[in-house]
Every structure is written in structure tokens, then in C-alpha cells.
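Student: Got a sequence here, can you model it:
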Amino acid sequence: MRLTSAGRTALWIGGGGFLGLAIGALLVSPGRALSLSPAWFVAAAVYVGLVIGLARERDATQAPRPASAQQPAARPPSAHASPDALAVRFEFPEVPPGYPLVLGRGEPLHVTIKVLHAGAPAEGAGVQLSASLGRETLTGDGVTGSTGEVEFTLEPEGTGELQLKAEASADGRSGRGHVAVSVVEYDVEIERLFGEFRAYAVGVLGPEAESDTARELCDKLRVRADPATARALLELARVYELVAYGERDADRRLYLTVLEQLMVLEQAELPDPALAREA
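Tutor: This next block holds a predicted model:
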């Protein structure tokens, strides 16, 4: 049996302590010390047993485990996890950089799959694309050109989260990619976005502004606003009224206009609530 240095130290200290107590008890009261000797032996045995048990457990923890007790034997690295794997990227020509991935219902979705290897275009890579929306699944396949790209056009039906998955393979290498696109009704999405803006405006202007029209809300917030913020507020109200009052069918251009104005307002220095309430 092997003990750690801490275990050996504990035995020496504990043994010395028990021995010192026993000698002291014999000197002070020999008769009482002898009558309690069984209890002393039991306490000493328990102490020694605990030290040995803990020391052995610590050794077992520190000792190297056999291969079967460690992680399962490593599998050959997959192409997806390997540094030599293909990189699969999604690009959407109609979506400006920094804008959310949103598609209108019934609108064709143009997506470009770009395959790279070590940062360079992977020409001749086979690409399989699947698109799932609810119970509907669309699939397609193609081969990348000299730029490492292959284009697909999808026409999903319904609304919700469109899950796009792409798998690419070339020269024994492979790679995967995944992205989600929201398919919406543009009029519903525009009203939702303006509803969030209205909640902010009422918070600034106070509960009495809940009955204000879109134009009235924006006019009040324009008080002492900088020119860019004022223009964004007016355009936001104009587009919302066109859609809400049925003067124009909501389309992608109007949806992007709403997003543009909201992005301007997010970066703007908003007016003082007290001044807005006085307007």
C-alpha cells in the first residue's frame, strides 16, 4: 500500500497526538485511562482507516487512467471538423449588408453558395442545398465555377423560418453550412416594426400619445431633432400610412425603406422627452 506524502504526515501527526493523549491520561488518572482504552483503540483505528482511505483515493485520482477509462478512442477526423475542410458560405444578392435575412411570401429567393478551401475558391465542388419551411422541403444541387460559387433560386410557400442547409464536397474534402431566413408578409412585417416604434414613441411622449396617428407621433418627435432624424421620422410615417391605409401594396422596396429609417433613428440623438411632450 502506497500513501501520499500528505497521508504519511497525517498518520505521524495523528499517531503522535493519540500517543500523547494516552500518556497524559495514564499519568493523571491511570484507572480511568485503562477503563477507556477500548474507546481509544477504536478512535485510533477509525482515524488511521480514514487517512489510508483518503490517501488511496487521492492516489487513484492522480494516477494515469488506462486508455479504456479515458475518452473513447479518437475517430478519424471528419472533413467538416478538419482544418482542411471546405468552408461553405451563403450570400443573398437582394439583401444589403447588415440587413436582416427576410424574404417576402411568394417572392423568389436568390442565394449564392460560395465554397472555399484554405481561403481560396474551390472550383468544381459539388453542392447540395436543402430548404425546409414547416413540412415543405426543397432541394437542389449544382457545381461551383471558377469563383467557387453556384447560384440557386428558391420559391418557398408559406411564412415562417426557412432553414437552409448546404453540403459541399471536392477532392475528398467536404464542408457544411446552415442559415435561417424569415419568410414574411411585408405588410404584416411593416406594421410590426412600426408597432415597436410606436411603443417607443408613446414611452417618450406619455400615455396621452396612444391615440395619436403615425404622422402626429412623428411630428411631435421631430421637435428640435437634427435634419437627418426629422427626415427619417417623416419617411417612416409616410410609408406606414401608405401600407396601413391601403394606398400601396407592401413590397420589398417599402419594407427596406422602413428598415433604413429605423436604422437612422437607432443611430440618432433622440429629442428631449420634455420638449416632445410640449409639442
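Student: Tell me, how many residues neighbour residue 212?
Tutor: By other C-beta atoms under 10 Å, the residues close to residue 212 number 16. In this view, the C-beta of every residue, glycine as well, is placed from N, C-alpha and C.
Student: Show the contacting residues for it.
Tutor: Residue 212 is in contact with 205, 220, counting by C-beta atoms under 8 Å, 6 or more residues apart in numbering.
Student: go on, the one 4 residues further on?
Tutor: For residue 216, the contacting residues are residue 209, taking C-beta under 8 Å, 6+ apart as the criterion.
Student: What distance do you get for it to residue 202?
Tutor: To residue 202, residue 216 is 12 Å away according to C-beta to C-beta, to the nearest Å.
Student: so where is the protein shaky, pLDDT-wise?
Tutor: For the chain, the stretches flagged by pLDDT under 70 are 1-28, 30, 32-34, 36-83, 269-279.
Student: ok so, going back, now the common contact residues for residue 216 and residue 202.
Tutor: The contact sets of residue 216 and residue 202 overlap at residue 209 (C-beta under 8 Å, 6+ apart).
Student: Correct me if wrong: residue 220 contacts residue 208.
Tutor: No. At 10.6 Å, residue 220 and residue 208 do not qualify as touching, with contact defined as C-beta atoms under 8 Å.
Student: Which one's more surrounded, the two?
Tutor: Remark: of residue 220 and residue 208, residue 220 carries more neighbours, 20 against 9, as counted by other C-beta under 10 Å.
Student: Next one: that one relative to residue 174, how far apart?
Tutor: Remark: distance between residue 220 and residue 174 (C-beta to C-beta) = 58 Å.
Student: cool, residue 84 as well?
Tutor: 10 Å.
Student: before we move on, what about residue 164?
Tutor: Distance of residue 164 to residue 174, given as C-beta to C-beta: 17 Å.
Student: Neighbour count for the two, which is higher?
Tutor: More crowded of residue 164 and residue 174, by other C-beta under 10 Å: residue 164, with 23 against 18.
Student: Now the phi/psi pair for residue 112, please.
Tutor: Phi and psi for residue 112, reported as degrees, to the nearest 10, are phi -110, psi 130.
Student: mind listing what it touches?
Tutor: By C-beta under 8 Å, 6+ apart, the neighbours of residue 112 are 90, 91, 92, 93, 149, 150, 151, 152.
Student: Quick one: neighbours of the fifth one, just the number.
Tutor: Put plainly, it is residue 149. Residues contacting residue 149 under the criterion other C-beta under 10 Å number 19.
Student: same thing with residue 238?
Tutor: Neighbour count for residue 238, taken as other C-beta under 10 Å: 15.
Student: Now it: which helix or strand?
Tutor: Assigned by DSSP states H and E, residue 238 falls within helix 227-244.
Student: Please spell out which residues along that helix are buried.
Tutor: The neighbour-count check on helix 227-244 (16 or more other C-beta atoms under 10 Å) flags 229, 230, 232, 233, 235, 236, 237, 239, 240, 242, 243 as buried.
Student: what does stretch 219-226 give?
Tutor: For stretch 219-226, burial by neighbour count (16+ other C-beta under 10 Å) applies to 219, 220, 221, 222, 225.
Student: cool, and stretch 92-105?
Tutor: Neighbour-count burial for stretch 92-105 [16+ other C-beta under 10 Å]: 92, 95, 101, 102, 103, 104.
Student: Summarise which helices and strands the helix holding residue 238 is packed against.
Tutor: Secondary-structure packing of helix 227-244 (3 or more C-beta pairs under 8 Å, 6 or more residues apart in numbering; DSSP states H and E): helix 186-205, helix 214-221, helix 252-267.
Student: okay if I get those as a markdown table plus distance to residue 138?
Tutor: Listed next are the helices and strands packed on helix 227-244 as a markdown table, based on distance: least, C-beta to C-beta, whole Å:
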| stretch | distance to residue 138 |
| --- | --- |
| helix 186-205 | 21 |
| helix 214-221 | 38 |
| helix 252-267 | 20 |
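Student: returning to that earlier point: in PDB, could you pull the C-alpha coordinates for the helix holding residue 238?
Tutor: C-alpha atoms of helix 227-244 as PDB (Å, rounded to 0.1, in the frame of the first residue of the first chain):
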ATOM      1  CA  PRO A 227     -32.400  67.200 -40.100                       C
ATOM      2  CA  ALA A 228     -31.500  63.600 -40.700                       C
ATOM      3  CA  THR A 229     -33.600  62.400 -37.800                       C
ATOM      4  CA  ALA A 230     -36.500  64.600 -38.900                       C
ATOM      5  CA  ARG A 231     -36.400  63.300 -42.500                       C
ATOM      6  CA  ALA A 232     -36.300  59.700 -41.200                       C
ATOM      7  CA  LEU A 233     -39.400  60.300 -39.000                       C
ATOM      8  CA  LEU A 234     -41.300  61.800 -41.800                       C
ATOM      9  CA  GLU A 235     -40.500  59.000 -44.200                       C
ATOM     10  CA  LEU A 236     -41.300  56.300 -41.700                       C
ATOM     11  CA  ALA A 237     -44.700  57.800 -41.100                       C
ATOM     12  CA  ARG A 238     -45.300  58.200 -44.900                       C
ATOM     13  CA  VAL A 239     -44.500  54.600 -45.700                       C
ATOM     14  CA  TYR A 240     -46.500  53.300 -42.800                       C
ATOM     15  CA  GLU A 241     -49.600  55.300 -43.800                       C
ATOM     16  CA  LEU A 242     -49.300  54.100 -47.400                       C
ATOM     17  CA  VAL A 243     -49.400  50.500 -46.200                       C
ATOM     18  CA  ALA A 244     -51.900  50.900 -43.300                       C
END
